[in-house]
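**Q** Build me a structure from this.
(one chain, ligands or ions: 1)
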Amino acid sequence: MSEKLSDETRGTLLDPLMETGWEIEEGRDAIRKTYKFDDFADAFGWMTRAAIWAEKWNHHPEWENVYNRVTVTLTTHDVDGLSTLDVKLARKMDGLFGPVDD
Ligand SMILES: C[C@H](O)[C@H](O)[C@H]1CNC2=NC(N)=NC(=O)C2=N1
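**A** Predicted structure coming up:
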C-alpha cells in the first residue's frame with residue numbers, strides 16, 4: 001500500500017521532475033505535464049507505451065490527448081495525494097518521451 005509523500009521527502013523527489021516540466025497542480029496534491037509530439041500517431045504510440053507501464057505497476061494516469069499533445073496528471077487516489085508511485089511513473093514517462101527510432 002502506497003503512502004502519501006512526506007514533507008521531508010517531497011522536495012527531494014519532486015524537484016527533479018519540476019526540472020523536466022512537471023508542475024504541482026493548483027489546489028490538488030498532484031503533478032501535471034503536457035507532452036508535445038510531432039503528430040497524433042507519435043502521441044498515441046507514446047500513450048500506448050506509457051499505458052503498459054501503468055498497467056504493470058497498477059498505477060494509472062489521468063490524461064487527455066488532443067492531436068499531438070498529451071496532458072498528464074498524476075496523483076494516487078488511494079491516499080488522496082502524491083506518492084512514490086507518481087514519482088516512479090513520471091520518471092518512466094519522461095524516459096519514454098520522444099519518438100522511437102524508425
Ligand atoms: C483497485 C486498484 O488496484 C486501485 O484502484 C489502483 C488502480 N490504479 C490507481 N491509479 C492511481 N493513479 N491511483 C490509485 O490509487 C490507483 N489505485
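
**Q** how far does stretch 28-38 stretch from start to finish?
**A** Using C-alpha to C-alpha, to the nearest Å, the end-to-end distance of stretch 28-38 comes to 30 Å.

**Q** For residue 49, give its distance to residue 12.
**A** 27 Å (C-beta to C-beta, to the nearest Å). For glycine as for every other residue, the C-beta is placed from the backbone atoms N, C-alpha and C.

**Q** Neighbour count: these two, which is higher?
**A** Remark: of residue 49 and residue 12, residue 49 carries more neighbours, 16 against 10, as counted by other C-beta atoms under 10 Å.

**Q** any idea of the mean pLDDT for the strand or helix carrying the more buried one?
**A** Taking DSSP states H and E as the definition, residue 49 sits inside helix 40-56. Taken as a whole, helix 40-56 has an average pLDDT of 97.

**Q** ok, now stretch 71-85?
**A** 98.

**Q** can you check stretch 7-24 too?
**A** For stretch 7-24, the mean pLDDT works out to 96.

**Q** What are the buried residues along that stretch?
**A** 10, 13-14, 17, 22 (16 or more other C-beta atoms under 10 Å).

**Q** Fine, thanks again, bye for now.
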